[in-house]
Structures are given as structure tokens and as C-alpha cells.
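Undergrad: predicted model and sequence follow; I will ask about them next.
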Amino acid sequence: MLQHQPFGQSHPGTGKTATVHAVVKELKRRAEDGEIAPFSYVEINGLKIPSPAHAYSVLWEEISGQRGTSAKTALRGLEAHFGRKSGVRGPRSNTYVVLMDELDQLLTAKQDVVYNFFNWPTMRDSQLFVIAIANRMDLPQHLAASQPAQQINHSSRPVNSSPP
Ligand SMILES: Nc1ncnc2c1ncn2[C@@H]1O[C@H](COP(=O)(O)OP(=O)(O)OP(=O)(O)O)[C@@H](O)[C@H]1O
Ligand SMILES: [Mg+2]
């Protein structure tokens, strides 16, 4: 399936979200037809959650099945989940595809939320795929400036789309 963490950036209203939705719909169809492994799709929209750290709760609730977890508890759960040695992570069939839309809104002073979400997919056998969408065209450079370049961004593949 997705081999990298695609990272889309372009101006508002150019069809970024619509494009990802169309791709995910097609992937879901293929999964239903047995062409690819089944996966859970999780959408995290920076404009729709109360704080950047709430992104942890959204993903952890999907993985754990728990509801109403605090960001702190969720982060602990995610760190334990993805920090584990591969093979003991649980049922191998659980693949998660996460769309982080309006990523600009998820930036924090420490960039910890974005850093973690870009880092976990790089853990061996994480079975986590993160697609990020931002409006800010200089976001990869901005992130690289605030995190050591080798820590973040090393498996991300920027996809720029120009306004029509
Ligand atoms: N290829 C397309 N064909 C038809 N309609 C499209 C296409 N791409 C985008 N649209 C429509 O254009 C509108 C804007 O698209 P979309 O919401 O995906 O933009 P966006 O780049 O995510 O914008 P924003 O940065 O504001 O989130 C939507 O109503 C969407 O349905
Ligand atoms: Mg959008």
C-alpha cells in the first residue's frame, strides 16, 4: 500500500482534502474486494479538534477502543503501542491510515504532536500510515528548522499542488 508518508501542501480550496478522500475511497473498495489488506481510516482535522494534543486521543481511541481518554493517557498508550518491539504489537491485521488535515493548526511550540505522528509510522511494523495536508507551503522547512532534520521528515514525501 502506501510506502511513504505523503505530505500534501497547497493553497485553500485546491482539492487536497477531496483528493485524499477519493484515494481512501478507492483503497477501501480494493480492501473490500480482497485486493489489499483491510485497514481502519482515521481522520484528524486540526480545525475540528479542541487542541493539537487531542489528536492523540482520536488515534488512541481508534486503536484501543476506549472512549474519552485524555491526551496525556492517549499519548502514553500510543508511545507504549508503537514503542513495543515488532511482533508483540497485537493483531497483525490492524492497519491504520490517518489523514491529518489542516496540519497548520496542529503545530505547537515544540512541534511534538506533528513530530510524534511523523515518527510512529517509521517504527518497524507500525502498520501506521500518516497522510498530512497543510496550507502552509514552507511547512517541511519550518518543521526541519524546529526539529533536528534527521528526526522529522526523513520518510515523508512532499506533494505540492498549485492553485488552478
Ligand atoms: N477534482 C475535483 N473535481 C471536482 N470538485 C473538486 C475537485 N477538487 C476539489 N473539488 C471541490 O472543490 C472544493 C474544495 O476542495 P477541497 O475541500 O478538497 O480543497 P482543499 O484544498 O482541501 O481546501 P482547504 O485548504 O480549504 O481545506 C470542494 O467542494 C471539492 O468537492
Ligand atoms: Mg481541505
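TA: Perfect, I can see it now. Quick caveat, the model's predicted, so the values are computed rather than measured. Ligands and ions are numbered 1, 2, ... in the order given.

Undergrad: quick one: the strands in the protein?
TA: Using DSSP state E, the strands assigned to the chain run over residues 5-9, 40-45, 96-101, 128-134, 156-160.

Undergrad: and the pLDDT at the residue nearest the centre of the chain?
TA: In the chain, the centroid-proximal residue (Cα atoms, centre = their mean) is residue 130; its distance is 3.0 Å. For residue 130, the pLDDT comes out at 96.

Undergrad: that one touches residue 119, doesn't it?
TA: No: with contact defined as Cβ atoms under 8 Å, residue 130 does not count as touching residue 119 (9.6 Å). Just so you know, the C-beta spots here come from the backbone N, C-alpha and C atoms, and that holds for glycine as well.

Undergrad: sorry, back to before: any idea what the residue nearest to the centre of the chain is bridged to?
TA: residue 98 (DSSP bridges).

Undergrad: residues contacting it?
TA: Counting by Cβ atoms under 8 Å, 6 or more residues apart in numbering, residue 130 touches 5, 98, 100, 117-118, 120-121.

Undergrad: quick one: whichever residue of the chain sits closest to ligand 1 from residue 82, how far?
TA: Closest residue of the chain to ligand 1, Cβ to the nearest ligand atom: residue 15 (2.7 Å). Going from residue 15 to residue 82 by Cβ to Cβ, to the nearest Å gives 31 Å.

Undergrad: who has more neighbours, the two?
TA: residue 82 (20 against 13; other Cβ atoms under 10 Å).

Undergrad: nearest residue to that one in space, please, no chain neighbours.
TA: Leaving aside its sequence neighbours, residue 82 sits nearest to residue 120 (Cβ to Cβ, 6 or more residues apart in numbering; 4.3 Å).

Undergrad: what about the one you found, neighbour count?
TA: 20.

Undergrad: assess the claim that residue 74 and residue 61 are in contact.
TA: Yes: assessed by Cβ under 8 Å, residue 74 is found in contact with residue 61 at 7.2 Å.

Undergrad: so these two - more neighbours on which side?
TA: Neighbour count, other Cβ under 10 Å: between residue 74 and residue 61, residue 74 has more, with 22 against 16.
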